[in-house]
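**Student:** with the sequence up front, the predicted model follows.
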Amino acid sequence: MSSTIFLSGDEQECNADIIIKNSYIITMDKSLSEFETGSIVIKDGKIAAIGDNEDIEKRYRAIEIIDGTNKLVMPGLINTHTHAAMTMFRGYADDINLQEWLYDHIFPVEQKFVNAENVALGARLGIAEMLRGGTTTFNDMYYFVDEIAGVVDQTGIRAVLSKSLIDFPAPNSPTPGEGMDQLKKVIKKWNNHSRITIAVGAHSIYSCDPELIKDSKLIADKYSVPFNIHLAETRTEFNEIKKEYGLTPLAFLDSLGVLSNNVIAAHSVHLDPEDIKLMAKKGVRVAHNPQCNMKIVSGVAPIPQLMDSGVRVGIGTDGPASNNDLDMFEEIRTAAFIHKLTCGDPTVMDAQTVLKMATNGGAKVLGIEDQTGSLEVGKKADIIILDLEKPHAYPRYNIYSLIVYSLKSSDVETVIIDGEIVMKNRNFLTIKEDVLYSEIDSLASKISKHIKEFGILMNTNKNS
């Protein structure tokens, strides 16, 4: 167990906003500090103190006290790659390969239904799902980023939001040039926000001209924001890029001069040994999406090898139209299991390692480790509280094994982000659920009608 830590200047008794007491606290700091019966103090949006109940009680008073008896307090989870607004297309096209899914189903339906109103609605549903599952930060790539930022602002979650740039006419971006102009305006509008970072997203090598990739990376570098790209997701992509350019997808990006430590490469499944060395050398970061990669049979990313080489890796769910959920607890568990299986080694990707990837590891991938990802004095108070009074939470021999292999998103009871309670006792404080679900049902009816009218098949199954 660890010693109590106080914010400098708080030596005397002082007032705070929230105190969570009597809790089992895991911090995910460098020392993996734990407090079996501890308290955490929140003041002005940040963690002011963390430690033993007795030490905290002597020094702090708070407006709100949360009793954490039989609760687990830990950092919020960080989803390093998703397309949250695509909740509107959840279940629309399943059980097909990625290229068919994208070009025959998703891109066409997006042209019809992706507008400012629908994206805001889909994002709200996605954020509700993430908050329920203990995600406090997400890294997104989609269209109508200004509208998504408005929803993030209202719901209280933390987000890195990338405007998706692509070669052909896309929703609210008739041309790539117009898309980049819009991106610059949105960056200037939102990037002083305490919870929102507007980043850059080039969809992929196969959907973006090399000049578009280079120009969009220049914007990311100019504004010092992350650059997101789907990379080496499928064997088809790998083979086609190799055939056209004589290089692997990663080596091709390097030939364009875009590889650096603000690049977040989603998927990174098909990498050769030289790619892994190059990623480490250039500081490229990886968003690992195990469940989506399994569902679309993209393959299994060489995550243990990447991490052994010093590459920063976080965990993501990918979009809810290709996963089909935003459940980080499921994703964490899958990440642990799939690599044990493919490596033939049960010691690979142990519980502590995988949980680090989903917390402070994710923060490092997004470049916000100084703000969040662990419970440390001075950091933003992004905290989740889980109810341990459940059959699957007994007995408790190893807290990390319990979290990774046994606990579920439904165990998340309370969510605090930036020091504000956004969900308490599983009730949202910033989202009206009944209104949300009614609006989503209405939109889904319109999409279903469109499918019937134009003969688009849902849940395509070539064997049927």
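**Tutor:** Okay, I see it.
**Student:** going forward, measure contacts and count neighbours with C-alpha atoms only.
**Tutor:** Fine.
**Student:** for the helix or strand encompassing Val435, packing partners?
**Tutor:** Following DSSP states H and E, the helix or strand that holds Val435 is helix 433-454. Helices and strands touching helix 433-454, by 3 or more Cα pairs under 8 Å, 6 or more residues apart in numbering; DSSP states H and E, are helix 116-132.
**Student:** buried residues in the helix it packs on?
**Tutor:** 116, 118-132 (16 or more other Cα atoms under 10 Å).
**Student:** nearest to Thr82 among those?
**Tutor:** Ranked by distance to Thr82 (Cα to Cα), those are led by Gly126 at 9.7 Å.
**Student:** tell me who's in contact with that closest one.
**Tutor:** Gly126 sits next to Ala84, Ala85, Met86, Thr87, Pro320, Leu326 when contact means Cα atoms under 8 Å, 6 or more residues apart in numbering.
**Student:** just the buried members of those?
**Tutor:** By 16+ other Cα under 10 Å, the contacts of Gly126 give Ala84, Ala85, Met86, Thr87, Pro320, Leu326 as buried.
**Student:** measure the second one to Asp434 for me?
**Tutor:** Right, the one you point to is Ala85. Separation of Ala85 from Asp434 (Cα to Cα, to the nearest Å) stands at 18 Å.
**Student:** likewise for the last one?
**Tutor:** Relative to Asp434, Leu326 is positioned 20 Å away (Cα to Cα).
**Student:** ok, then the element right after the element among helices and strands of the chain having the smallest mean pLDDT?
**Tutor:** Least confident helix or strand, the chain: strand 5-6 with a mean of 71, by mean pLDDT, DSSP states H and E. Downstream of strand 5-6, the next assigned helix or strand under DSSP H and E is strand 14-26.
**Student:** the helix or strand that comes right after that following strand packs against which elements?
**Tutor:** Of the helices and strands lying after strand 14-26 in sequence (DSSP H and E), the nearest is strand 34-43. With contacts taken as 3+ Cα pairs under 8 Å, 6+ apart, strand 34-43 sits against strand 14-26, strand 46-52, helix 53-59.
**Student:** ranking the ones you listed by burial, who's on top?
**Tutor:** Mean neighbour count (mean count of other Cα atoms under 10 Å) peaks for strand 46-52 among the helices and strands packed on strand 34-43, with a mean of 26.
**Student:** what angle do that strand and strand 34-43 make?
**Tutor:** Strand 46-52 and strand 34-43 meet at an angle of 150 degrees, taking axes from the mean of the first three to the mean of the last three Cα atoms, to 10 degrees as the criterion.
**Student:** where exactly do the strands run in the stretch 51-200 of the chain?
**Tutor:** Remark: strands assigned in the stretch 51-200 of the chain by DSSP state E, counting those that start in this stretch are 60-67, 71-75, 77-82, 135-142, 158-165, 196-204.
**Student:** with only the CA atoms kept, save the helix holding Val435 in CSV.
**Tutor:** The C-alpha coordinates for helix 433-454 follow below in CSV (Å, rounded to 0.1, in the frame of the first residue of the first chain):
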residue,chain,number,x,y,z
GLU,A,433,-32.1,8.9,-22.1
ASP,A,434,-35.7,8.7,-23.0
VAL,A,435,-35.5,11.5,-25.5
LEU,A,436,-32.2,10.1,-26.9
TYR,A,437,-33.7,6.6,-27.5
SER,A,438,-36.8,8.0,-29.1
GLU,A,439,-34.8,10.1,-31.5
ILE,A,440,-32.5,7.2,-32.5
ASP,A,441,-35.5,5.0,-33.1
SER,A,442,-37.0,7.6,-35.4
LEU,A,443,-33.7,7.9,-37.4
ALA,A,444,-33.4,4.1,-37.6
SER,A,445,-36.9,3.9,-39.1
LYS,A,446,-35.8,6.3,-41.9
ILE,A,447,-32.7,4.3,-42.6
SER,A,448,-34.7,1.1,-42.7
LYS,A,449,-37.2,2.6,-45.1
HIS,A,450,-34.3,3.7,-47.3
ILE,A,451,-32.9,0.2,-47.3
LYS,A,452,-36.2,-1.3,-48.4
GLU,A,453,-36.8,1.3,-51.1
PHE,A,454,-33.4,0.9,-52.7
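**Student:** show me where pLDDT drops low in the chain?
**Tutor:** 1, 7-12, 453-464 (pLDDT under 70).
**Student:** point to the residue nearest the middle of it.
**Tutor:** Asn79 (1.5 Å; Cα atoms, centre = their mean).
**Student:** give the contact list for it.
**Tutor:** By Cα under 8 Å, 6+ apart, Asn79 lies in contact with Thr135, Thr137, Phe138, Asn139, Gly314, Ile315, Gly316, Thr317, Met328, Ala358, Gly362.
**Student:** so what's the third one bridging to?
**Tutor:** For Phe138, the beta-bridge partners under DSSP bridges are Asn79, Ala159.
**Student:** could you measure from it over to Tyr206?
**Tutor:** According to Cα to Cα, Phe138 stands 25 Å off from Tyr206.
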